[in-house]
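>>> how would this look folded up:
(one chain, ligands or ions: 1)
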Amino acid sequence: TETTIDTQQDAKPFSFKLLKTDGMARRGEITTPHGKVRTPAFMPVGTQATVKAMYPQQVRDLGADVVLGNTYHLMLRPTAERIAKLGGLHKFMGWDHTILTDSGGFQVMSLSGLRKMTEEGVTFSSHHDGSKHFMSPERSVEIQGLLGSDIQMQLDECIALPAERDEVDRAMQLSLRWAERSRAQFEKMGGPQKGQGLYGIVQGGDVPDLRIESAQRLGELPMEGYSVGGLAVGEPQAVMLKMLEITTPAMPKDKPRYLMGVGTPEDILESVARGIDQFDCVMPTRAGRHGLAYTRFGKVNLKNARHAEDPRPLDELSNCEATSKYSRAYLHHLVRVNEGLAAMLLTWNNLAYYQYLMQGIRDAIDEGRFEEFRQKTKEDWARGDI
Ligand code: PRF
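Next up, the predicted model:
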C-alpha cells in the first residue's frame, strides 16, 4: 500500500469546549490550527495585516490569543494571491497565533463606493482607486482560505438601522442562503481538514421574530461557530442588549458566539452577561490614535488641558508600561504635538485595559462571581477618573 504524508490531514479539528457557565456568562476555549483562544475573548483589529501602532509581540504579551483581519482591505491591497504566495497571512504579518477574518460584507457596505447587490454577490468599486471588484460568498471564502485564516466568516448583508421590516427580512434571508453557499465553498477548500472554522452570521436587525428565525435556521447548518451581526449599527445600546437577550438563547450552546464589531468596555461586559464569547472592535486602537485612554476608572481624554501639568501615570497599579510609567503631562504633550509615540503609547494602554478587562471577566466566571465583578467594574467606571 501507498503511504502518503499529508500534514493537513493531521491538523487537529477546530473545537470549542464550554468550561463553565455563571448565569448566562460562559467560559470556554476554542482550539484552532494556531493555538487556543480563551473565551470570553477580545480580538484586536488588524485590518491591514497590522494592529495599528503595535508590534505583534506586544499584542501577544498583553494576552490576545487572536487578532482580526479584513478580507475587503487585503483583497484590494496587497491581494490575497500575493499573501498566499508569500506563505499566508500569519507569516506575512508575523503573528503565529489565531487569526479571524471578516468576510468583507460589512466593509463593502461601509467603505466602498458604488455597489450593486444581487443574489450572486456584490459588485463594488474600491475606495482607493474606484476599480471594480466582485465578491460572492464563494469568493470571500476562497480569499479567506488563501490568507490561511483560522476562523472565517460567511459573506452576509448587514444593513443600517433603522430599517423597514421587509428590508431587514430580505437581507436576513439572503444572508441565510449565502451561509449555505459559504459552507459548501469552505468544505471544497478543505477548511475542516485543516482544522479551520467557518462561522455563520445571524442577522435580523431589531426585529425579534426575524432574529430568532435567523438564529434557529443558521443553527441547523453545521458551522464551527455563530456570529451575531447587524448590531451596533446605529441603534441605542438598550436595543442591542434586548436583541442579544432574544438571540443567544436561540443559538447552539455548544459552539462559540461572536458579537461582531462590539464594543465599549460596557457593551462587552453586558454582552458577556447575555451569553457572548467573542468580540472585536476598533474602539481601543482608534481611540488611542485620537488621544483617548481607557482605564479602570473610565475614559481619559488626554487632549484636555487639565492634564498639562499632571505628573501621575494613567494607572500606577497597571503592569502595562504605557499605563504606569509615563506621566499624563507627557502623554498630553505627545498628543498635542501629534507625535507617533502618542498613538503607540495610548493604543498600548487601551489594548492592555481591554485584555485586563477580559481576564477579569474570565476569572470571575471561573470563580462563579461574574455578577459581583460586573457590579464592581461598573462602579469603578462610574466613579470616574480623578
Ligand atoms: N457583518 C459582518 N461584519 C461585521 C458586522 C456584520 O453585521 C458588524 C455589525 N456590527 C461588524 N462587523 N460580516
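
>>> the ligand contacts on this protein?
By Cβ under 6 Å from any ligand atom, the residues of the chain that approach the ligand are 102-103, 105-106, 153, 156, 158, 201, 229-233, 260-261. C-betas here are computed from N, CA, C, even on glycine.

>>> of those residues, the lowest pLDDT goes to which?
Within the residues of the chain next to the ligand, pLDDT reaches its minimum at residue 105, with 88.

>>> so that residue makes contact with residue 157?
Yes: contact between residue 105 and residue 157 holds when scored by Cβ atoms under 8 Å: they sit 6.0 Å apart.

>>> circling back to that earlier point, which of the residues of the chain next to the ligand tops the neighbour count?
The most neighbours of any of the residues of the chain next to the ligand, using other Cβ atoms under 10 Å, belong to residue 230, which has 32 neighbours.

>>> and that one, how close does it get to residue 261?
The spacing between residue 230 and residue 261, counted by Cβ to Cβ, to the nearest Å, is 10 Å.

>>> surely residue 123 is within a strand?
Yes: counting by DSSP: H, G, I helix; E, B strand; the rest coil, residue 123 is located in a strand.

>>> and it, what does it touch?
Going by Cβ atoms under 8 Å, 6 or more residues apart in numbering, residue 123 touches 115-116, 132-135.

>>> list of residues touching the one helix or strand residue 90 maps to?
Secondary structure assignment for residue 90, by DSSP states H and E: helix 89-93. For helix 89-93, contacts defined as Cβ under 8 Å, 6+ apart pick out 34, 46, 49-50, 56, 69, 74, 83, 86, 95-96, 99, 101, 147-149.

>>> who wins on neighbours among the residues you listed?
Ranked by neighbour count (other Cβ under 10 Å), the contacts of helix 89-93 have residue 149 at the top, with 31 neighbours.

>>> contacting residues around the residue most central in space within the chain?
Nearest to the mean C-alpha position of the chain, counting by Cα atoms, centre = their mean, stands residue 280 at 2.4 Å. When contacts are counted by Cβ under 8 Å, 6+ apart, residue 280 is found next to 42-45, 68, 100, 258, 260-262.

>>> try residue 383
Residue 383 makes contacts with 297-298, as judged by Cβ under 8 Å, 6+ apart.

>>> and it, how far from the ligand?
Counting by Cβ to the nearest ligand atom, to the nearest Å, the gap between residue 383 and the ligand amounts to 29 Å.

>>> ok, now residue 311?
Per Cβ to the nearest ligand atom, residue 311 is found 40 Å from the ligand.

>>> going forward, the N-terminal residue is numbered 2.
I'll keep to 2 as the first residue from here, and by that count the last item is residue 312.

>>> skip the chain neighbours and tell me the closest residue to that residue.
With Cβ to Cβ, 6 or more residues apart in numbering as the criterion, residue 312 has its nearest non-adjacent residue at 4.9 Å, and that residue is residue 328.

>>> just checking, that neighbour touches residue 314?
Yes: contact between residue 328 and residue 314 holds when scored by Cβ under 8 Å: they sit 6.2 Å apart.

>>> so between these two, which is more surrounded?
Each of residue 328 and residue 314 has its neighbours counted (other Cβ under 10 Å); residue 314 has more, 20 against 15.

>>> circling back: ok, residues contacting the next helix or strand after the helix holding residue 91?
The helix or strand immediately downstream of helix 90-94 is strand 99-103, counting by DSSP H and E. Applying Cβ under 8 Å, 6+ apart, the contact partners of strand 99-103 are 31, 33, 35-36, 38, 44, 66-73, 90-91, 145, 148-154, 259, 261, 279, 281.

>>> strand partners (parallel or antiparallel) of strand 99-103?
Here strand 99-103 is paired, per DSSP bridges, with strand 67-71 (parallel), strand 152-154 (parallel).
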